[in-house]
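A.B. asks: Give me a 3D structure for the following:
(one chain, ligands or ions: 1)
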Amino acid sequence: MMVHQHKIPVTILTGFLGAGKTTLLNRLLRDVRNRHAGIIINEFGETGIDSELVIKTQEEIIEINKGCICCNVRGDLIQILKDLIVKVNKREINLSRIIIETTGLANSAPVIQTFLMDEIMSYWFEIDSVCTVVDAKHLPLHLDQEEVQEQIAFADLIVLNKTDLVSTEELEAIKTRLKQMNVNAELISTINSEVPMNKLIDIKSFQLSEKLKVRSNLLTDSHHHHHNKVGSVVLKTDKPLILERVNKWFSYLVQIKGETLYRYKGILNIKDTDYRVVFQGVHMLFAGKEDRKWRKDEGRKSELVFIGNQLNQEELEKGFRYCIDEEFDLRMEGNFFKL
Ligand SMILES: Nc1nc2c(ncn2[C@@H]2O[C@H](COP(=O)(O)OP(=O)(O)OP(=O)(O)O)[C@@H](O)[C@H]2O)c(=O)[nH]1
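C.D. replies: Numbers count the residues shown, from 1 in each chain. Just a heads-up that it's a prediction; the model follows:
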């Protein structure tokens, strides 16, 4: 039997949809100290787009896509971690740390509980920090959401990101609000989640006693969390998309539906180009860019996910069809999509 000397540190990376978690994860992965990290990514909306947006390294990246990490897939999380430990014991892998990127809709408590309430988990792992990324521009739109409040309350490090998108006054107001919500967490303001690594890794900032002040029944409470208000629509096709139509559809979506679209992202197969196009947005802020060339050994396909409040699936499907099918004329489809 292997002698177990050090617990494996776990960084829980949380924060609302589009706040900058993947950007932060990519920074972590570029840093040599994080070689041999086990990365667990949980996405809302049954797609693997996030793992496509994570830089490719030697690290073990495991996706959980069929549900939310704080609800129905906690069992999967524990199983994944146990499997990793078996591989470590057999000396098949090295595991320097675990980094978990939760969905933007995850409550923090159940993820924290995973490491405290299961005997094997608490024997092998210790939470290094709970880091919550906050979108300085869009936070005010979501402050009434339970998930957002919990993510902030349970943080021991708050990365106040996207500070380039707000004025100094707005930034000060948000900082004050965050301090009211969590007086103990360290607060770091960033652009593009640029946190110095020594503020992020091996900081041992997680303190159970602090978390118990937020929720005294943290170690006994079971979780009943349903993302009632927020839903997702995933669209996929092998057929190429017509760029001009994609642009039109997106201008419509962003301008007219931006408020209800919390997060959307996708990898697109555009007709007559050799490059994958990656696009993503948060409410009305949206960006698309050419990514890498399609590889010969991969099928060219498009996959899009929309996450939002009361999404109209039929309308989204029609818009998508408009981008694929030249014969499909949306003017025939009533009022929708007039720009
Ligand atoms: N202007 C601005 N954009 C940012 C900043 N940080 C991240 N972004 C952009 O915001 C978008 C969302 O960033 P991600 O890192 O994917 O956010 P996320 O929290 O992982 O998103 P989900 O996993 O979908 O919840 C991307 O288009 C980023 O390029 C920032 O500081 N300023």
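
A.B. asks: Just to be sure, residue 26 is in a helix?
C.D. replies: Yes. Under DSSP: H, G, I helix; E, B strand; the rest coil, residue 26 falls within a helix.

A.B. asks: contacting residues for residue 197?
C.D. replies: 27-28, 31, 33 (CB atoms under 8 Å, 6 or more residues apart in numbering). No exception for glycine: its C-beta is placed from N, CA and C like everyone else's.

A.B. asks: what's the pLDDT at it?
C.D. replies: pLDDT recorded at residue 197 is 91.

A.B. asks: Next: the one 5 residues further on.
C.D. replies: Residue 202 carries a pLDDT value of 89.

A.B. asks: Need the CA coordinates for stretch 84-95. CSV is fine.
C.D. replies: Extracted as CSV, the C-alpha positions of stretch 84-95 are listed here (Å, rounded to 0.1, in the frame of the first residue of the first chain):
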residue,chain,number,x,y,z
LEU,A,84,-7.9,9.3,-10.6
ILE,A,85,-6.7,8.1,-7.2
VAL,A,86,-6.6,4.5,-8.4
LYS,A,87,-4.5,5.6,-11.3
VAL,A,88,-2.2,7.5,-9.0
ASN,A,89,-1.8,4.4,-6.8
LYS,A,90,-1.0,2.3,-9.8
ARG,A,91,1.6,4.9,-10.8
GLU,A,92,-0.2,5.4,-14.1
ILE,A,93,-0.4,9.2,-13.6
ASN,A,94,1.0,11.9,-11.5
LEU,A,95,-1.6,14.2,-9.9
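
A.B. asks: Could you check how far that stretch is from the centre of its chain?
C.D. replies: Put simply, stretch 84-95 sits 26 Å off its chain's centre (CA atoms, centre = their mean, to the nearest Å).

A.B. asks: Now that stretch: buried residues?
C.D. replies: 84-85, 88, 95 (16 or more other CB atoms under 10 Å).

A.B. asks: okay if I get those as JSON lines plus pLDDT, distance to residue 123 and secondary structure?
C.D. replies: Shown next, in JSON lines, are these (pLDDT from 0 to 100; distance: CB to CB, whole Å; DSSP: H, G, I helix; E, B strand; the rest coil):
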{"residue": "84", "pLDDT": "91", "distance to residue 123": "14", "secondary structure": "helix"}
{"residue": "85", "pLDDT": "92", "distance to residue 123": "9", "secondary structure": "helix"}
{"residue": "88", "pLDDT": "91", "distance to residue 123": "13", "secondary structure": "helix"}
{"residue": "95", "pLDDT": "90", "distance to residue 123": "14", "secondary structure": "coil"}
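
A.B. asks: so which of those also contact the ligand?
C.D. replies: Among these, no residue lies close to the ligand (CB under 6 Å from any ligand atom).

A.B. asks: could you measure the nearest residue to residue 141 once chain neighbours are set aside against residue 294, distance?
C.D. replies: Distances taken as CB to CB, 6 or more residues apart in numbering place residue 283 nearest to residue 141, at 7.2 Å, with adjacent residues excluded. Using CB to CB, to the nearest Å, we find residue 283 at a distance of 30 Å from residue 294.

A.B. asks: now swap in residue 49 and tell me
C.D. replies: Counting by CB to CB, the separation of residue 49 from residue 294 is 16 Å.

A.B. asks: Can you give me the domain boundaries for the protein?
C.D. replies: Split into domains by automatic domain parsing, the chain comes to 8-214, 230-332.

A.B. asks: Which residue ranges of the stretch 51-200 of the chain form helices?
C.D. replies: Along the stretch 51-200 of the chain, counting by DSSP state H, counting those that start in this stretch, helices occupy 74-89, 108-117, 119-124, 139-142, 146-153, 168-181.

A.B. asks: If you rank every helix and strand of the chain by mean pLDDT, what lands last?
C.D. replies: Here the helix or strand of the chain ranked lowest by mean pLDDT, DSSP states H and E is helix 49-53, holding a mean of 72.

A.B. asks: Which single one of the buried residues of stretch 84-95 is nearest to residue 107?
C.D. replies: Closest to residue 107 out of the buried residues of stretch 84-95 is residue 84 (23.6 Å), distances taken as CB to CB.

A.B. asks: What is the longest strand along the chain packed up against?
C.D. replies: As assigned by DSSP state E, the longest strand anywhere in the chain is strand 125-135. In this structure, strand 125-135 packs against strand 8-15, helix 21-30, helix 108-117, helix 146-153, strand 157-161, with contacts taken as 3 or more CB pairs under 8 Å, 6 or more residues apart in numbering; DSSP states H and E.
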